[in-house]
Each structure stands twice: as C-alpha cells, then as structure tokens.
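Q: Below is the sequence, then the predicted model.
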Amino acid sequence: MENKMFDAPAGKPEVRVSATFSAPRERLFKALTDPSLIPMWWGPRRMTTKVEKMYVRRGGAWRFIQRDAEGKEFAFRGKFEEVKPPRELKYTFEWEGMPGHISTETVTLEEHGGKTTEEQRIVFQSIEDRDGMVKMDMKEGELESMDRLAELVEKK
C-alpha cells in the first residue's frame, strides 16, 4: 500500500481518507462489499467484527457488530445510497452508541497501472460531530483498517 492519507480539514464537517493498493479495482471492490470478507479487515485488530446484515444495493442496509477482548459490543449500521460496481459506493454510517449522528461516506476506486486508489469522503452533520469522531481515534481506526485491507487484497 502506498500514499496512505487521513485529513480532517479545519472548518469543514468532513474527513478524507485515501490509499493506493497494489491490487486491481475489482478485487478491492469485492473486499469492500462481500460480507464474508468484511471481518478480515474492518476495524482494529484488537476487535472482532461480525456482519449481521449487508445488502449491497441501493436502499440496502448493513449492520456490523464489533466485540473487544472483554466481550463489550459496539454496533454500526447504515444504508447504501449508491452502488456502482466496481468504482463507487455511497452509504450512511451510524455508531449505535451515538444514535442520530449519521455521516455519509462516498468511496471511489480508480485503477491505474495495476494499482487502485481508494478515496473516501466522509461528510458529517456538523463540525462538532466530525471532531467528536476524530477524538475517538477515528484516524487510527481508519488507517489500521486500510492496513488490514491491503493485507487482504494485495495477496498474490
């Protein structure tokens, strides 16, 4: 993986995350949308992830449950707004620990010379919501997930 980046620009209720993977776009899109692959890369290594539901289509819903070593659970959910294989996903994201604070994530995949750049634009309802997520180790979680995703999709 190359060019890993996390940016939370001042004055904007958004975060941008990107990285370039040594893998074709189709492989990366599959890892992002196949419920059997999500637990292999989603979230920090210290947590396990269970996909409770994942219907990858416009209007389809998803819900993931993470569990830490002590058995404490954290659930996340959303709905797919756009699904354009193999180049774009747009969905909502809500941590059930803070209901009503919903962000919208747009993921685009661009392939160039056998590598694929993933760009995420995460838009929050307010700068305060964005800052709250960043303070809860969002950067570390996003970048660790990207590392794990690279381990999965860059296997030869």
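A: Received it, and whenever you're ready, just let me know what you need.
Q: What ranges does this protein have for its helices?
A: For the chain, applying DSSP state H gives helices covering 25-33, 127-135, 138-153.
Q: do you know which of the ones you listed lies nearest Thr106?
A: With CB to CB as the measure, helix 25-33 is the member of those nearest Thr106 (12.3 Å). All C-beta spots, glycine's among them, are computed from the backbone N, C-alpha and C.
Q: And the contacts of that closest one?
A: 21, 37, 40-41, 54, 56, 83, 85-87, 89, 107, 109-111, 116, 118, 149, 152-153 (CB atoms under 8 Å, 6 or more residues apart in numbering).
Q: Near the nearest residue to Leu37 once chain neighbours are set aside, how many other residues are there?
A: Nearest non-adjacent residue to Leu37, counting by CB to CB, 6 or more residues apart in numbering: Ala31, 4.9 Å away. By the criterion of other CB atoms under 10 Å, Ala31 has 20 neighbours.
Q: And Ala31, how close does it get to His112?
A: 18 Å (CB to CB, to the nearest Å).
Q: cool, and Glu105?
A: 22 Å.
Q: Just give the number of residues close to the residue lying closest to Pro86 once chain neighbours are set aside.
A: Sequence neighbours aside, Phe29 is the residue nearest to Pro86 in space, at 3.8 Å (criterion: CB to CB, 6+ apart). When neighbours are defined as other CB under 10 Å, Phe29 has 23 of them.
Q: measure Phe29 to Leu152 for me?
A: From Phe29 to Leu152 the distance is 13 Å (CB to CB).
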